[in-house]
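Engineer: build me a structure from this.
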Amino acid sequence: MKAPLFYSEAITDDVCVLSSDESRHCVRVMRLQKGERVRLFSGDGFLYLAELAEADPRVTILRILERNEVRRPLRRLYLAVAPTKNFDRYEWFVEKAVEIGVSSITTLICTRSERRSSKVERLERIIVSAMKQSGNLLKPALYGDISFDDFMARPFDGLKCVAHCEEHNKSSFSQLAISSYDILLMIGPEGDFTIDEISKAADSGFIPVSLGGSILRTETAAVYACAVVSSLSL
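Structural biologist: Modelled structure (predicted):
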């Protein structure tokens, strides 16, 4: 049986301090005691083996015993996805994207976005929980509430794609991704990108893409893209 897995951003060379939530889960829920061993990650691409040096439900201290680098994905997918009006659906997408494997998520605020802000702290907790569940221990970056125009100004060295519903000569996302290792995909709100936004994306080097023959919800399209890129990395 594998040792329990915990998350902490407070890791030095040989010591780790768990947050109050993780400490409480470790001591009160898991009932772990001093001297017992656990696994530990901070999202930096390493998996640690550690031993409880002080089991306190407020602040648990661990002693690092081993550090091993986890396998990094062959292809990296960076998603910029407009938040859905029903934010539960967006939370579902974030959870599944992390489980499948995504390198970053940007909540993209567009002209037709019905929701203009996201719950960043809650999304961060969902990301950590999904990492624990899936074993994908490279933490994706989360960028909250970036306007479309500000996002267009950001540099990206890789394949840039935009998925929209307008009639257009579109390339197959799955075919383009085969020969690319760093992929950025923008997905708009329920009302889609405006014609002006589509034009600005094209001017910024984004290739219009198709995500198959069906009209997908925003969150479904994002999860589909994650699955495509993940399958190409197997």
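
Engineer: which stretches of this protein form helices?
Structural biologist: Along the chain, counting by DSSP state H, helices occupy 20-24, 87-100, 120-134, 148-152, 173-178, 195-203, 218-232.

Engineer: any chance of those helices in a markdown table, with mean pLDDT too?
Structural biologist: Below are the helices of the chain laid out as a markdown table (pLDDT from 0 to 100):
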| stretch | mean pLDDT |
| --- | --- |
| helix 20-24 | 95 |
| helix 87-100 | 97 |
| helix 120-134 | 95 |
| helix 148-152 | 97 |
| helix 173-178 | 95 |
| helix 195-203 | 97 |
| helix 218-232 | 96 |
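
Engineer: now for those helices, which one comes closest to H164?
Structural biologist: Across the helices of the chain, H164 has its closest neighbour in helix 195-203 (5.6 Å, C-beta to C-beta). Quick note: C-beta positions are derived from backbone N, CA and C, even for glycine.

Engineer: which helices and strands does the closest one pack with?
Structural biologist: helix 148-152, strand 159-163, strand 207-210 (3 or more C-beta pairs under 8 Å, 6 or more residues apart in numbering; DSSP states H and E).

Engineer: just name the most buried of these.
Structural biologist: strand 159-163 (a mean of 23; mean count of other C-beta atoms under 10 Å).

Engineer: that one versus helix 218-232: what angle between them?
Structural biologist: Counting by axes from the mean of the first three to the mean of the last three C-alpha atoms, to 10 degrees, strand 159-163 lies at 140 degrees to helix 218-232.

Engineer: which residue ranges make up each domain of this structure?
Structural biologist: Domain segmentation of the chain under automatic domain parsing yields 5-69, 76-232.

Engineer: looking at those domains, which one is packed in the most?
Structural biologist: Scoring these by mean count of other C-beta under 10 Å, the most buried comes out as domain 76-232, with a mean of 18.

Engineer: can you get me the start-to-end distance on that domain?
Structural biologist: One end of domain 76-232 sits 11 Å from the other (C-alpha to C-alpha, to the nearest Å).

Engineer: and what of stretch 35-48?
Structural biologist: So stretch 35-48: terminal residues 15 Å apart, C-alpha to C-alpha.
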